[in-house]
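[1] Generate a structure from the sequence data that follows.
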Amino acid sequence: MSVLPDMTEMQIRRYARHIVLAEVGGVGQAKLMAAKVLVVGAGGLGAPLLQYLAAAGIGTLGVIDDDKVDLSNLQRQVIHRTSDVGMAKVESARRALAEINPEVRVVVHPARLAEANASQILSDYEIVADGSDNFATRYLVNDACYRLGKILVSAAILRFDGQISTYKAFRGAGHPCLRCLFPVSPSEEAVPSCAQAGVLGALAGTLGAMQATEVLKEILGIGRSLSGRLVMYDALAGRFDEMIIVKRADCPTCGKA
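    You can find the predicted model right below:
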């Protein structure tokens, strides 16, 4: 078991179950403690994602969301409490994360991600985890991550289904981006919102935890990346499926043009 000399006794105790993993160890835990991750959205996916990243000891956790906690959120957004209704989601998340791990530096961005602020906000982080609930934001995050050379771990949920992939298109051949998979945004009729179609609350926990796992793998450089693969989960069938994502030469973001 390798432990860096500047890790305190309390940190060794807190992260002991990571440190004993041969794939992590003290060196890997130190990487997590130095990492900077931005989570887009403090909602269904962002809630478990933020909690597990904080528990893992990510050094700097950014969270961007312009929404306030609503009673209808509590069925799946487990980072928020009933007493938080009406509070800005980023502030509710900050409170919860401080209780989980006070060593983590939480940076809140109480704003809506847009073309005007995307590059400035994303540039401060190494990895972006997207838990947004609409294609406009997903495309925006995808394009900004490609331009800035940031790893993107993106997930989506609806009804009883979820999907997740990692995008590193800036690394060239073999690494597609979100627009390689969805060149054109689906219509609202084809992909309704959770408010319109519903979503199983626990499904957010499944996909959010998977996002956290993929973020940690990318920071540690372990395992097989989801880049180039889309993992789909059907909660009703209890089944995972996988689809290969091919890098498109005509992709509007990362294509040759």
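
[2] lowest confidence element among the helices and strands of the chain?
    Least confident helix or strand, the chain: helix 194-197 with a mean of 81, by mean pLDDT, DSSP states H and E.

[3] Following the chain onward from that one, which element is next?
    helix 201-220 (DSSP states H and E).

[4] what distance separates that next one from the middle of the whole chain?
    7 Å (Cα atoms, centre = their mean, to the nearest Å).

[5] Just after that helix, pick out the following helix or strand.
    Using DSSP H and E, the helix or strand that directly follows helix 201-220 along the chain is strand 229-234.

[6] Run the angle between that following strand and helix 201-220 for me.
    160 degrees (axes from the mean of the first three to the mean of the last three Cα atoms, to 10 degrees).

[7] Give the pairing partners of strand 229-234; include direction for each.
    strand 161-167 (antiparallel), strand 239-244 (antiparallel) (DSSP bridges).

[8] most tightly surrounded among those strands?
    Comparing those by mean neighbour count (mean count of other Cβ atoms under 10 Å), strand 161-167 ranks first with a mean of 23. Yep, even glycine has a C-beta here, placed from its N, CA and C like the rest.

[9] Return the per-residue confidence for the nearest residue to residue 220 once chain neighbours are set aside.
    In this structure, residue 220 finds its nearest non-sequential neighbour in residue 28, 4.9 Å apart by Cβ to Cβ, 6 or more residues apart in numbering. Looking at residue 28, its pLDDT reads 96.

[10] tally of neighbours for residue 28?
    The local packing of residue 28 (other Cβ atoms under 10 Å) involves 21 other residues.

[11] hang on, it packs against residue 18?
    Yes - with contacts counted by Cβ atoms under 8 Å, residue 28 reaches residue 18, the gap being 7.1 Å.

[12] and for the host helix or strand of the residue nearest to residue 220, what are the contacting residues?
    When elements are assigned from DSSP H and E, residue 28 belongs to helix 25-34. Contacts to helix 25-34, defined as Cβ atoms under 8 Å, 6 or more residues apart in numbering, come from residues 1-4, 7, 11-12, 15, 18-19, 21, 56-59, 103, 216, 219-220, 222.

[13] measure the residue nearest to residue 220 to residue 22 for me?
    Computed as Cβ to Cβ, to the nearest Å, the residue 28 to residue 22 distance reads 9 Å.

[14] Buried ones among the contacts of helix 25-34?
    Neighbour-count burial (16 or more other Cβ atoms under 10 Å) applied to the contacts of helix 25-34 gives 3, 7, 11, 15, 18, 19, 56, 57, 58, 216, 219, 220.

[15] low-scoring pLDDT stretches of the stretch 101-250 of the chain, where are they?
    Along the stretch 101-250 of the chain, the parts satisfying pLDDT under 70 run over 188-190.

[16] ok, how many other residues are close to the nearest residue to residue 250 once chain neighbours are set aside?
    Once flanking residues are discounted, residue 250 sits nearest to residue 257: 6.6 Å by Cβ to Cβ, 6+ apart. By the measure other Cβ under 10 Å, the count of residues near residue 257 is 7.

[17] what's the pLDDT at residue 257?
    So residue 257 comes in at 70 (pLDDT).
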